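K.L.:
sequence first, predicted coordinates after that:
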Amino acid sequence: MSSPIASPRASNLRTGRASRMLEVYVWVFLFLIALPILLVSVISFSPTPFLSFPMQDFSLRWYGRVFEYEPFLQSLWTSVELATASTLVASIVAVPCALALARSQAGAAEWVTVFLLSPISIPGIVLGFALLYYLSNLSVGPGFLALFLAHTVIAIPYISRTVLSVYRTVPRSIEESAVILGASRTETIFLITLPQIRYAIYSGTLFAFLISLDNLPISFFFSTAQTNVLPVVMMSYLQNQYDPSIAAIATIQMLFAVIALVLGEKLLGIGALKSI
Amino acid sequence: MSSAVQHTHASVDRPGRKTRSRRDYAVALPVWAAPAIAALTLLFAVPLAHNAWQSLTKEEATADAFFYYRKIISDPYYRGVLFETLSVSFIVTVLCLLLSYPVAYYLARHARRSRSAILFLLVAPLLTSVIMRTLGIRLILAKQGLLNALLDTVSLGPIPPSLLNGPFSVYVGIIHVLIPFMVLSITPVIQRIEPAIEESAVILGAGALRTFWHVTLPLSREGIYTGCILVFMMSNGSFITQLMLGAGKVVTMPVLIFQQFNVTQDTAFAGAMGNMLLIMTIVCLAIQSLLISRSRRPQ
């Protein structure tokens, strides 16, 4: 844009000012995106039950309340179990499928890929509603099994999407060389293919895990008093009470996500963020 | 591009044996796709089809298959809800596009060292729960929220609660949730535009605005289509923001489904509305693939 080739001084000055304005706009934009989240984290340390600005003091009282209020901890635990189980099973199913589809030359592969990724686009409330009545016809009522099945369906496209897009960029010749040099299929997969796509598997599963942890539109159909997940508990808490303990549990949930992300980045290197 | 490379690669290496050798070296067998396809067929496609069938055959639809669909279209209240859904999504999409294009442009063209910081700030909100973000919007826009507190310190009167609690908050809330997706859809497309094309326009005498309008913007239309349709679809399906920030004033189809399910238990009708939403989504996806295949066709 600000090319050195055709630059009378006036226009150069103008583009300089324009790009500075653009820069200011971008940082204001990002600040406004971050503001609500920062605010919730700040409010979770508020000493008073009602929210007021500016805050006078600092207290951990609402974090104490989170640990006293049974449903929060119980549902957080259920949510973590559910996210772990569904992500694990989904990745066992989704990764081989993505590997097969990425290299397939069959004409149907494209349509199968569209089908595989389609649960991402369908509104969660529609799928949740439809699945609830379908499963109860099969006498699988609300509860952990139904939640697990629903979350697995949602996790499959997220994992296969990242694996597909990364595996397509891996040259075939690498695997071909391994085979030519005498590697068996199993050796090729474990020594060549999987190491090449490990970032994709990691970021896909991380994303699926976080989506599951935060899923409300589907989970709310399958939650029961015994098996309740965190987002549903948070929403019903918010409808009845309104104190900063909800901000505290939201902050804890965010920390979980950030820790998972940072750990992954540290252990596996940079790149996960980019493929989301 | 990559397929062209692979093609020449294959024909140079093993002329005449292309198909067979490819199959021999493919690491993954086609069968490996089966479990995922089976899972999605049984737990995704069949339930949705089952739901569509129920909405055409159950309760009031036993005699008249399209009873519920006619009700949605002809009843002024439900037609209003349908219209509200589309208009909320449309306004949200346009605002998201206008607000995020400059950010995408900056990210693709100007940001260097700040690039990963910007990306992080865009992706980080996606790691927090929707409830947290809606709560945050409420803290800003509530009667005694941050915005009114700030206005108070510069001795400007508080904004009337009727303005804050309702459609305005809902729009802010949905845009806040969806805008990162718009930026992330447009940025890579702008990045792919050769800067030399824009430079040529400038050398040939076009001003910055004209270059933008006639060169950059048309070349980035693929990202604009993708982002707009993504945001439109996601907005069509959103309801938590409406429930938590709308004070009952913004009733869209998912909100109505939620209410039907929770309060009236009219499942066949809720199923029909869900199916309408599903059809709207499929139409959006079809438009998207049409637009993208058209914009990729050489002119």
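P.N.:
Sure, I can see it.

K.L.:
who touches the closest residue to chain A within the stretch 51-200 of chain B in this structure?
P.N.:
Ranked by C-beta to the nearest C-beta, the top residue of the stretch 51-200 of chain B for proximity to chain A is residue B:136, at 2.4 Å. The way it works is simple: take the backbone N, C-alpha and C, and place the C-beta from them, glycine included. Residues in contact with residue B:136 (C-beta atoms under 8 Å, 6 or more residues apart in numbering or on different chains) are A:35, A:36, A:37, A:38, A:39, A:40.

K.L.:
count of neighbours near the second one?
P.N.:
Same thing as residue A:36. Residues lying near residue A:36 (other C-beta atoms under 10 Å in any protein chain shown) number 25.

K.L.:
which non-adjacent residue is nearest it?
P.N.:
Spatial nearest neighbour of residue A:36, excluding adjacent residues (C-beta to C-beta, 6 or more residues apart in numbering or on different chains): residue B:136 at 2.4 Å.

K.L.:
where does the residue nearest the centre of chain A fall, secondary structure wise?
P.N.:
Here the mean C-alpha position of chain A is nearest to the C-alpha of residue A:207 (C-alpha atoms, centre = their mean), at a distance of 3.1 Å. Taking DSSP states H and E as the criterion, the element that holds residue A:207 is helix A:198-214.

K.L.:
now the element after that helix, going C-ward?
P.N.:
Later in the chain than helix A:198-214, the nearest helix or strand by DSSP H and E is helix A:219-222.

K.L.:
is the nearest residue to residue A:25 once chain neighbours are set aside in a helix, a strand, or coil?
P.N.:
In space, and not counting its chain neighbours, residue A:25 is closest to residue B:102: 5.6 Å by C-beta to C-beta, 6+ apart. Assigned by DSSP: H, G, I helix; E, B strand; the rest coil, the conformation of residue B:102 is helix.

K.L.:
tally of neighbours for residue B:102?
P.N.:
Neighbour tally, residue B:102, other C-beta under 10 Å: 16.

K.L.:
residue A:168 too?
P.N.:
13.

K.L.:
could you do residue B:70 as well?
P.N.:
13.

K.L.:
go on, residue B:124?
P.N.:
For residue B:124, using other C-beta under 10 Å, the count is 19.

K.L.:
check residue A:120 too.
P.N.:
15.

K.L.:
low-scoring stretches of the chain, by residue?
P.N.:
Since you didn't name a chain, this refers to chain A. A:1-15, A:50-56, A:267-276 (pLDDT under 70).

K.L.:
actually it's chain B I care about, not the one you picked
P.N.:
In chain B, residues with pLDDT under 70: B:1-25, B:163, B:297-299.

K.L.:
chain center to stretch B:136-144: distance?
P.N.:
The chain centre lies 25 Å from the centre of stretch B:136-144; the measure is C-alpha atoms, centre = their mean, to the nearest Å.

K.L.:
what of stretch B:279-293?
P.N.:
Computed by C-alpha atoms, centre = their mean, the chain-centroid distance of stretch B:279-293 equals 12 Å.

K.L.:
again with stretch B:29-41
P.N.:
Relative to its parent chain, stretch B:29-41 has a centroid offset of 27 Å by C-alpha atoms, centre = their mean.

K.L.:
list the buried residues of it.
P.N.:
B:30, B:32, B:33, B:35, B:36, B:37, B:39, B:40 (16 or more other C-beta atoms under 10 Å in any protein chain shown).

K.L.:
coming back round to it: SS state for the nearest residue to the residue nearest to the centre of chain A once chain neighbours are set aside?
P.N.:
Distance criterion C-beta to C-beta, 6+ apart; nearest residue to residue A:207, sequence neighbours excluded, is residue A:158 at 5.1 Å. With three-state DSSP as the basis, the three-state label of residue A:158 is helix.

K.L.:
and residue A:158, how many neighbours?
P.N.:
Neighbours of residue A:158 (other C-beta under 10 Å): 27.

K.L.:
got a list of what it touches?
P.N.:
Residue A:158 neighbours (C-beta under 8 Å, 6+ apart): A:120, A:204, A:207, A:208, A:211.

K.L.:
likewise for residue A:92?
P.N.:
By C-beta under 8 Å, 6+ apart, residue A:92 lies in contact with nothing.

K.L.:
again with residue B:210
P.N.:
Taking C-beta under 8 Å, 6+ apart, one finds residue B:201 in contact with residue B:210.

K.L.:
check which helix or strand covers the residue nearest to residue B:167 when sequence neighbours are not counted.
P.N.:
Counting by C-beta to C-beta, 6+ apart, residue B:167 lies nearest to residue B:250, which is 5.5 Å off, once chain neighbours are set aside. Using DSSP H and E, residue B:250 falls within no helix or strand.
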